[in-house]
Every structure is written in C-alpha cells, then in structure tokens.
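Colleague: sequence and predicted structure, then a few things I'm wondering about:
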Amino acid sequence: MSEKDVKNQEDTQSTVEETVETAAEQLEEIVADLSGEQAEELTGDAARIEELEKALEEAEAKAAENMDLALRTKAEAENIRRRSENEVTNARKYAIEKFASELLAVVDSIEQGLQAKVETEEGKNIQQGMELTLKMTLSTLEKFGVEQLNPLEEVFDPQLHEAMTMVPSPDHESNTIIDVFQKGYTLNGRLIRPARVVVAQ
C-alpha cells in the first residue's frame, strides 16, 4: 500500500471518527432536548393535574355548601308550610272564640233567671220558654265545638277550674268540687272560661 493510500485511509478514518463524534454529540443534544421537553411536558401536566384537583376540591366544597343550603331551605319551607297549616287550622277551630265568650254572658243570665222561684202560671210558662232557649243556645254552641264544664263532685283541676274558696266538708273527699258558682266552657278542647267553684278542704 502506498503512502498516499495510507494517508487517504487515515484521513477517511479521521473523518469517520469526527462524523461519529459529531453524530454522538448531536444525538446527546437531541436526547437532552427531548428529555427537557418531556420534563417540561411532565411538569406542565403535573401542574395542570394539580390545578384540576384544586378546582375539583373547590367545586365539591361548593356543591356540599349548596346541598346543605338546599336542605336547610327545604326544611325551612317545610316548617313554614306546617306552621301555616297549623295557623289556618287554628283559625278555623277557634274563629268563634271571641263571639262564644261574649255569648256566655247571655247563657249565664238565662241560667240565673231560671234559678228564680216562680209561683204564677204565667211565670212558669216564661220559665219553660227560658229553659228551651237555654237548651237551644247550648245545643248551637255545641255544634260549633263549645262545651260546657259543670264539674260538680269532680276532683279540682287548676287547668280547668278556678277555686273561689275552700271549705271544710266531712261529706266530701279533700280537693272535691262541692259547688259551682259559674260553669266553665271549652272551644274544641281549648279553655275559654274556667269553671268557678268551691272546693272541699
């Protein structure tokens, strides 16, 4: 092999080595660039995931808050509906309370009139008419839920009766009503006037 050929071969080998080195460097740069991009991409993805997780947590918190608010609003609406129904029911049940209370004075007056002693025939006829009037009045009151309390011989109940006085009575047990001054009345179970009574000691 001539010297020239050896030189050419060495040059070629040197060129190949340089080319390989250059390619290796370029390859390293490409790998480095590629890794950098991927790292950036991965960092971007992680940041996006973190951002989405945060947004999800906020949305869940907001949803829970809205659910709580909705439940409270529903419960409050239910309470208002129930209260309104009760008020309407009570308004219907006790609408005549004031009227009934005023009418009780008329009933008392008729009852007192019936206690008067009558000796003439005309007086007896009037008394019978008053008895019928009293019956009709009490019957009408009953139709509208007004009931008379005549607690004679019953046990005294401070919820329904008003003790005017207490007297010793050997014929009655203690706390028994022995006389009624004025009858009491209830309207659909609600006391509108207590019975005024005398109680045995």
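Modeller: Alright, I've got the coordinates. Residues are numbered from 1 along each chain as shown.
Colleague: can you count the residues close to residue 85?
Modeller: 10 (other C-beta atoms under 10 Å). For every residue, glycine as well, the C-beta is placed using N, CA and C.
Colleague: with the one 3 residues further on instead?
Modeller: Neighbour count for residue 88, taken as other C-beta under 10 Å: 10.
Colleague: what pLDDT does it get?
Modeller: With respect to pLDDT, residue 88 scores 89.
Colleague: got it, and the one 4 residues further on?
Modeller: As predicted, residue 92 sits at a pLDDT of 83.
Colleague: look up how far residue 188 lies from it.
Modeller: Between residue 92 and residue 188 the distance is 9 Å, computed by C-beta to C-beta, to the nearest Å.
Colleague: out of those two, which sits in the more crowded spot?
Modeller: Counted by other C-beta under 10 Å, residue 92 and residue 188 do not tie: residue 188 has more neighbours, with 15 against 10.
Colleague: contact partners for the more buried one?
Modeller: For residue 188, the contact set (C-beta atoms under 8 Å, 6 or more residues apart in numbering) comprises 93-94, 145.
Colleague: could I get the full set of helices for this protein?
Modeller: 3-93, 97-115, 121-143 (DSSP state H).
Colleague: put the buried members of the contacts of residue 188 into a ChimeraX selection.
Modeller: Here is the ChimeraX selection string for the buried members of the contacts of residue 188, based on 16 or more other C-beta atoms under 10 Å:
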select :145
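Colleague: and the contacts of residue 188 as a markdown table, adding distance to residue 53?
Modeller: Converted to a markdown table, the contacts of residue 188 look like this (distance: C-beta to C-beta, whole Å):
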| residue | distance to residue 53 |
| --- | --- |
| 93 | 59 |
| 94 | 60 |
| 145 | 65 |
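Colleague: from the contacts of residue 188, pick the one nearest residue 106.
Modeller: residue 145 (17.8 Å; C-beta to C-beta).
Colleague: what score does the residue nearest the centre of the chain have for pLDDT?
Modeller: Taking C-alpha atoms, centre = their mean, the centroid of the chain lies closest to residue 79, which sits 3.5 Å from it. On the pLDDT scale, residue 79 is placed at 95.
Colleague: any idea how far residue 86 is from it?
Modeller: For residue 79, the distance to residue 86 - C-beta to C-beta - is 10 Å.
Colleague: check contacts around residue 133.
Modeller: residue 110.
Colleague: and the pLDDT at it?
Modeller: 94.
Colleague: where are the low-confidence patches of the protein?
Modeller: 1-17, 19-21, 23-24, 26-44 (pLDDT under 70).
Colleague: now with 80?
Modeller: For the chain, the stretches with pLDDT under 80 are 1-47.
Colleague: this completes my enquiry, with thanks.
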